[in-house]
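> One predicted model, sequence on top.
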Amino acid sequence: MASVVDTSVKHFLSTMYGAPAITNAPGGMVGLLDACLVTGFGLRAVTSATVAGGVATVNFAVGAAQPPVVESVVLLSGAGTSALNGEQRVTASGSGFFRFNTNAADGPVSGMMEFKTASLGWSKVFSGTNLAAYK
């Protein structure tokens with residue numbers, strides 16, 4: 001489901017969990033572009049989630065010291081409550097949790113959830129040795 005807020009503007013920081021790095025090798029930029037433009041990065045499992053008063057709180061253990069950055073966009077999947085799946089803009093975060101606004105009903109959320117920093121939604125239309133083209 002679509003987020004209750006606009007997620008069309010995204011930003012990336014090199015300090016984000018799982019952020020790709022540029023290597024000084026032929027084709028070294030392709031991995032970074034793939035992650036930011038097409039696939040997203042920093043996949044993590046959710047340990048629990050709950051909704052209260054229009055705000056979802058998501059808890060996680062892996063990389064707890066590097067929560068998603070406030071105003072960044074995450075891609076959440078696997079939630080039993082379909083309104084939570086998809087891109088969500090982070091409104092608050094701290095060690096091992098983040099929050100976002102939602103229209104989902106109050107209560108605990110079931111499912112085998114995971115999240116990552118959302119990509120820009122481009123497609124990779126061509127790839128070759130040390131090169132790629134994106135649309």
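Structure received. Numbers count the residues shown, from 1 in each chain.
> Nearest residue to residue 129 in space, please, no chain neighbours.
residue 27 (7.1 Å; Cβ to Cβ, 6 or more residues apart in numbering). Where C-beta positions appear, they are placed from N, C-alpha and C, glycine not excepted.
> how many other residues sit next to the one you found?
13 (other Cβ atoms under 10 Å).
> for the one 5 residues further on, same thing?
Number of residues near residue 32 (other Cβ under 10 Å) recorded here: 17.
> Mind giving me the packing neighbours of the one helix or strand it maps to?
In this structure, residue 32 sits in helix 28-33 according to DSSP states H and E. Where contact means 3 or more Cβ pairs under 8 Å, 6 or more residues apart in numbering; DSSP states H and E, helix 28-33 is packed against strand 131-134.
> My understanding was that residue 16 contacts residue 117; is that so?
Yes. Using Cβ atoms under 8 Å, residue 16 is in contact with residue 117, at 5.8 Å.
> neighbour count winner among the two?
Ranked by neighbour count (other Cβ under 10 Å), residue 16 and residue 117 place residue 117 first, with 27 against 18.
> Could I get the buried residue list for stretch 18-38?
For stretch 18-38, burial by neighbour count (16 or more other Cβ atoms under 10 Å) applies to 19, 20, 30, 31, 32, 33, 34, 35, 36, 37, 38.
> can you tell me the helix or strand for the spatially closest residue to the fourth one that is not a sequence neighbour?
Take residue 31 and drop its neighbours on the chain: the residue closest to it by Cβ to Cβ, 6+ apart is residue 20, 5.5 Å away. Assigning secondary structure by DSSP H and E places residue 20 outside every helix and strand.
> for residue 116, same thing?
strand 114-117.
> What helices and strands are in contact with that strand?
Helices and strands touching strand 114-117, by 3+ Cβ pairs under 8 Å, 6+ apart, are strand 41-52, strand 73-77.
> Tell me which of these sits most buried.
Ranked by mean neighbour count under mean count of other Cβ atoms under 10 Å, the helices and strands packed on strand 114-117 are led by strand 73-77, which reaches a mean of 21.
> Quickly run through the sheet partners of the helix or strand following that one, with directions.
Per DSSP H and E, the first helix or strand lying C-terminal to strand 73-77 is strand 86-89. Sheet pairing for strand 86-89, assigned by DSSP bridges, gives strand 73-77 (antiparallel).
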